[in-house]
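Undergrad: Just the structure for this:
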Amino acid sequence: MGIDINLFRVDKGGNPDIVRESQRKRFAPVETVDEIIQLDNEWKTARFVADEKNKDINTLQKEITALMKSGKKDEAASLLKKKDQLTQEKLELSEAANAKERVLNQKLNAIGNLVHESCVVSETEDDNAVTKKWWPKGDASPFTWRDFHWEKKEQVEGVEGAEAEAFEAETLAKRTELLKSSKAGAGVPGLLSHHEVLDRLDGYDPDRGNKIAGHRGYFLKDAGLELNLALVQYGLDFLGDREFTKLSTPYFMRKEFMAKTAQLEEFDEALYTVKGELGPNGEETEESTKYLIATSEQPISAYHANEWLEESEFPLKYAGFSTCFRKEAGAHGRDNWGIFRVHQFEKIEQFVLTDPEKSWEMHEEMLKNAEDFYQSLGIPYRVVSIVSKALNNAAAKKYDLEAYFPFQGTYKELVSCSNCTDYQTRALEIRFGGKKLNDTTKRYAHALNCTLTATERTLCCILENFQTTEGVVVPEPLRRYMRGKEFLPLRRRLLLLLLPEVRLLRSRFVLCMKVRHEFCLNSLCVL
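TA: Numbers count the residues shown, from 1 in each chain. The predicted structure is shown next:
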């Protein structure tokens, strides 16, 4: 990954002040810009010296050839020794230049993409700008949608702006009322969290998942699996109808490509490593270390690596489907409940390569695709523009679509929509346009990515918003993928022992009972 080095070179028409200002907006070290300029000058000098030495070698070789042709072998032999010495000097100079280039590239990769002028400049995500809210129209109980009739197949009627704010205020009041009666026992009207609803549907098995796979392992079953697969199928059809090419991607990538599309810190914090066989001498090869993908964006971004595309092909729109694998090492709190934040999940991703002049228009279009998807499901949401400090290095601007989760009375991220401009394509050498004689300017495509649905997380949102005291209403667009099912009845009572915080106490109690039992047996043996 990386920013254009020519932005740092004034003699090439660059303006380092633009990069400095972007670094300030990211609250990143501005002095790195000056370090890069200095390293670039040192590298160019070292490269020039090495190239000049190579010219000396070529000149000397011509003299040697002429002497050999004229039969002056002794003089030629003397010059050959000098050539060997120059060759060794050139190798040392080239290695010194390459070492400076490696340090330069390392510094360059630490520079984030140029922050778009419309981004809010702030260090805290508390300042994320809410650009839109959308709530579906219901009856007097917009919160649970229990009496809402899903008559429209393509689009659920909704409201924005002040009307959406009114629906939200009514919801918060209703939530306070319902929370008073929640968790009072099975059959009592109340509000449950998504993991409690899924448990009552008998839609997943986290205990056996943890036993088999470890922390946050789970089995989806019956209603949970059916809803998840319905979201996958609906999501792919939704994007297919909008002229996206559907792709099922590889689940792991070679390091050389992952390094060009993922940030360095992600390697340790987010990515799982797949270890293969080492080389014959125990060395690592391109096949010995691979990385499980955290999103289908990663392999799709490299789909056209080292290719020269025709401008007429744009936009290239891909709907990527894959299972995703993430360590999620820093996650904690309520996000750990159920299957909201897990190590393995399914996701459908929008990925687009387009002309730089049209990428910002495409950014809005991809966000609208995501909005239309959640509107069709009848899920209340808001769109926020992410502050400059929170942007990852590749993104010039990012929107999040956050859906409303009624149990917690808060919005949670379901969609991330970024314009990465030429940051990834430059590293992956994805160029476009005609190859003109003597034209040394490379034109790089712009790359954009936008979640459509991380299905397990969307499933959590559906469970909370469509719960009733008897079960869960199936959103209308998903019914044709579930053999026409309109309603999923509850199959088990909500037991306090099933709640995560009680499970921990239960496990400690069982351990104490085991210790006590073994103590009693030992006492009997002594008697």
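Undergrad: okay, CA-based contacts and neighbour counts for the rest of this
TA: Will do.
Undergrad: After the helix or strand hosting Leu459, which helix or strand is next?
TA: Assessed by DSSP states H and E, Leu459 sits inside helix 455-465. Sequence-wise, the next helix or strand downstream of helix 455-465 (DSSP H and E) is strand 471-473.
Undergrad: Give me the distance from the next helix or strand after that following strand to the chain's centre.
TA: For strand 471-473, the succeeding helix or strand toward the C-terminus, using DSSP H and E, is helix 476-479. A distance of 27 Å separates the centroid of the chain from that of helix 476-479, by C-alpha atoms, centre = their mean, to the nearest Å.
Undergrad: Report the backbone C-alpha coordinates of helix 476-479 in CSV.
TA: Written as CSV, here are the backbone C-alpha positions of helix 476-479 (Å, rounded to 0.1, in the frame of the first residue of the first chain):
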residue,chain,number,x,y,z
GLU,A,476,-40.6,-10.0,3.7
PRO,A,477,-37.6,-10.1,1.3
LEU,A,478,-36.1,-13.1,3.1
ARG,A,479,-39.3,-15.2,3.0
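Undergrad: so after that helix, what's the next helix or strand?
TA: strand 487-489.
Undergrad: ok, back up a step: so which other helices or strands are in contact with the helix holding Leu459?
TA: For helix 455-465, the helices and strands in contact under the criterion 3 or more C-alpha pairs under 8 Å, 6 or more residues apart in numbering; DSSP states H and E are helix 194-200, helix 222-240, strand 344-354, strand 397-405.
Undergrad: so which of the ones you listed gets nearest Arg9?
TA: For the helices and strands packed on helix 455-465, the distance to Arg9 is smallest for strand 397-405, at 24.6 Å, taking C-alpha to C-alpha.
Undergrad: Paired strands for the helix or strand that the closest one is followed by, with orientation please.
TA: Towards the C-terminus, the helix or strand next in line after strand 397-405, according to DSSP H and E, is strand 410-419. Paired strands of strand 410-419, with direction, are strand 397-405 (antiparallel), strand 446-454 (antiparallel) (DSSP bridges).
Undergrad: what does strand 410-419 contact?
TA: Residues outside strand 410-419 that contact it (C-alpha atoms under 8 Å, 6 or more residues apart in numbering): 359-360, 363, 366-367, 370, 381-382, 395-405, 446-454, 457-458.
Undergrad: What is the least confident helix or strand in the chain?
TA: In the chain, the helix or strand scored least confidently by mean pLDDT, DSSP states H and E is helix 500-526, which has a mean of 47.
Undergrad: any low-confidence regions in this structure?
TA: Applying pLDDT under 70 to the chain flags residues 1, 138-156, 175-176, 178-190, 264, 329-334, 434-440, 494-527.
Undergrad: by contact count, what packs against the lengthiest helix in it?
TA: Assignment by DSSP state H gives helix 31-69 as the longest helix of the chain. Under the contact definition 3+ C-alpha pairs under 8 Å, 6+ apart, helix 31-69 sits against helix 16-26, helix 73-109.
Undergrad: Which is the succeeding secondary structure element to the longest one?
TA: Just to be clear, that refers to helix 73-109. Taking DSSP H and E as the definition, the helix or strand that follows helix 73-109 towards the C-terminus is strand 129-136.
Undergrad: and the next element down the chain from that next one?
TA: As the chain continues past strand 129-136, the following element, by DSSP H and E, is strand 158-160.
Undergrad: so how far is that following strand from its chain's centroid?
TA: Going by C-alpha atoms, centre = their mean, where strand 158-160 is centred and where its chain is centred differ by 29 Å.
Undergrad: What strands line up against that strand, and which way round?
TA: Each strand pairing with strand 158-160, determined using DSSP bridges, is listed with its direction: strand 129-136 (antiparallel).
Undergrad: what comes up buried for the strand it pairs with?
TA: Of the residues in strand 129-136, those buried by neighbour count under the rule 16 or more other C-alpha atoms under 10 Å are Lys133, Trp134, Trp135, Pro136.
Undergrad: contacting residues for Arg443?
TA: Under the criterion of C-alpha under 8 Å, 6+ apart, the contact partners of Arg443 comprise Arg431, Phe432, Gly433.
Undergrad: Next, format the strands paired with strand 410-419 as JSON lines and append mean neighbour count.
TA: Formatted as JSON lines, those follow (neighbours: other C-alpha atoms under 10 Å):
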{"stretch": "strand 397-405", "mean neighbour count": "24"}
{"stretch": "strand 446-454", "mean neighbour count": "27"}
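Undergrad: quick one: which of the ones you listed is nearest Glu310?
TA: Closest of the strands paired with strand 410-419 to Glu310 is strand 446-454, at 13.4 Å (criterion: C-alpha to C-alpha).
Undergrad: what is the orientation angle of that closest one with strand 344-354?
TA: Relative orientation of strand 446-454 versus strand 344-354 (axes from the mean of the first three to the mean of the last three C-alpha atoms, to 10 degrees): 150 degrees.
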